[in-house]
Structure formats: structure tokens, C-alpha cells
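# Fold the following, please.
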Amino acid sequence: MSTTDPAPRTDPGAHATSDPAAADPANDDAGIGTSGTTLRLKPSDAWMYVVMVALAIFFLFPLVYMFVSSFKPDDVVLSSSGSLGALWPSPTVGLENYGDAIERASVVRVFLNSVLISTLIVGGGLVVNSLFGYALARLKFRGRNIMVAVMVALIIIPFEALAVPLLFMGAQANMLDTYAIQILPFIANPLYVYLFYTFFLNIPVELEEAARVDGAGPVRTFVSVIAPLAKPAYATMAILGFLFSWGQFLWPVMVTRGVAVRPLPLGIGTFQTTPPIQWGDIMAYAGLMTLPLLIIFLIFQRYFVQGVASSGVKG
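Residues are numbered from 1 along each chain as shown. Predicted structure coming up:
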């Protein structure tokens, strides 16, 4: 005896809910239609964007003023500084200020010094701080929580409180007026160690266990498995470390005596001590100092945002 399957029942509302966009009430709240082409912002979102644009203009104002003024003659820089004309290029635009700044402050020498110092600080810091943070995140030993607490406490101590003791230690070691005294004190940093520590805590331990099963040792596990996953943390530390080391002023003033090892920020003092004071040259020199920072940030911006989000929010 043969049996026949009953005819499938049809739902009258099946065609009405076949489109996920139409069935999702969140899309209706956001103002997205079934075609996905209409977008209406809520009043609260619109105000948020207005505030963000206003803050962006506020923070970009000094940069625009600096770069625009660097192409103006000195008399025009001073005459237009009190009006909105300071943000508008002058009819007489030239590169004379940059040429004068490079010649008066020995920019090539101090620029190379800053590149060397910042590169070694960032490079050494990436290795030392990441290994220290990885050890705190993975190794189990007595007093680990106390060490983490001390690390957090050290973050809030300003460098100015440690500058004088470090100066005496450098003088006793005959390291003054050298590259080493400007590099070694800043390779290990509690902020960067804690950044790596919080990031490594969010990496599953199972990945390392699988690497050990495949025969990888601790060093190979860290280099081949953990480090590639920590690219956002490395980029964050690289940007923050480069920004800090590139703009160092107090410490080089204390430990350097000659121009041979002085970094770029100290060169701006040449325009204040050697008359005449030409504000166009000062703006051009400041532009030369700022441009590398902008380039580094734009290159690693995506990783920087990811690193701050994963280390700051989850940690």
C-alpha cells in the first residue's frame, strides 16, 4: 500500500518576511529601507557628529595655522595672527622660511639624531615590553598580581619626578652627552608593558597549546603565533613611543651639552637665542618636526585604533 505525502502548507506571510532587511526592525529604526539606500540619522546621532566635527576643527586649527604661516613672510605672520586671515595662504608663498630654518638650526644633523634615538627606543621597547607583558600574562608565579599592581602604579608617576635621580646615575656612569643616556632610560615603559599584558590576556591559550603539540618551543610560539596576533598592540606602542621620544625636550636639555647628539626639539631654541626672531622660520621648523609624526600616525592609524580598543576596553 503506497502512501502519499501531504501537500506542503504555505504561509501567507512568507513572501512578506523573505527579505531580511524588511524583517529587521532595527533597519526601520535606522531609516534603512528594503533597498538599503535610505539613511536617516537620529537627532542624537546628528548632534554627536556636529560635536565631533567641532572638536576636529578645534584640534586641527593649530596645525593649519602652523603650516600656513610657515609659507608666509615674517611681517605677514605677525600682522594676520589676530584674525582669520592667519588660516589663509598669503599671495607671496615661498619656501624661504624652510631654507632659513634648515640652515640656521643644522636641521639635517639634529633630524638624524632624532631618527636614531626614536628608532632605537621604539625598536627596543617593542621587544622588551612585549616580552615582559607576555610573561606577566602567561607565567604563573608568586607575587605576579603584586607586580601588575606596581606596574599600574608606576604609570601615574611623572617622568619629572625621576629625571634628577636618572641624571645623577648617568653622570656617575659617564654617560652624559651621549646617545645611550637618551635611549636606555626609555626602552622599558610600564604603560607599554601593561598595554601588552592586557592584550595577551585576550588571546586564547589554546593557540599556544596547539603550537606546543606541533613541537614549537616557547620562543617559536611567541614569534610565530602570538606576535602576529598582537599587531594592533605593537602598532599602538610604536606610535605612542615614537610620539614621546620624538618630542622629548626636558631630558635632552639636562643630559646633552653639544650639538653633536642633540635631537630635533632642542634645535628650535636656536631661533630664540639667535637674533633676529623670525616667526616664519619658527613655524617652518615646527612643521618639519610635526610632519614625520603625521606620516607615522596615518600609516598605522588602523592598527592604532584596534590596539586601543582591544587593550583598553577589554582589559
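
# Buried residues, stretch 240-252. List them.
Of the residues in stretch 240-252, those with enough neighbours to count as buried (16 or more other C-beta atoms under 10 Å) are 240-242, 244-246, 248, 251-252. Any C-beta I mention is one placed from the backbone N, CA and C, and that applies to glycine too.

# Ignore what I typed, I meant stretch 60-74.
Neighbour counts using 16+ other C-beta under 10 Å place 65-74 of stretch 60-74 among the buried residues.

# I'd like the buried residues of stretch 240-252 laid out as CSV, including distance to Leu95, pLDDT and secondary structure.
Rendered in CSV, the data for the buried residues of stretch 240-252 read as follows (distance: C-beta to C-beta, whole Å; pLDDT from 0 to 100; DSSP: H, G, I helix; E, B strand; the rest coil):
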residue, distance to Leu95, pLDDT, secondary structure
Leu240, 32, 89, helix
Gly241, 32, 92, helix
Phe242, 26, 91, helix
Phe244, 30, 91, helix
Ser245, 28, 93, helix
Trp246, 23, 93, helix
Gln248, 28, 91, coil
Trp251, 32, 94, helix
Pro252, 28, 94, helix
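
# which of these lies closest to Glu96?
Proximity to Glu96 was ranked across the buried residues of stretch 240-252 by C-beta to C-beta; first place goes to Trp246, at 25.7 Å.

# Can you tell me, leaving aside adjacent residues, what's nearest to the closest one?
Spatial nearest neighbour of Trp246, excluding adjacent residues (C-beta to C-beta, 6 or more residues apart in numbering): Ser118 at 5.1 Å.

# Which other helices and strands does the longest helix seen in the chain contact?
The longest helix of the chain (DSSP state H) is helix 107-138. Here helix 107-138 touches helix 144-155, helix 180-183, helix 190-201, helix 231-246, helix 279-299, going by 3 or more C-beta pairs under 8 Å, 6 or more residues apart in numbering; DSSP states H and E.

# about what we covered before: tell me which of the buried residues of stretch 60-74 is nearest to Tyr192?
Met66 (28.9 Å).

# quick one: that closest one and Ala286 touch, right?
Yes. With contact defined as C-beta atoms under 8 Å, Met66 reaches Ala286; the gap is 5.4 Å.
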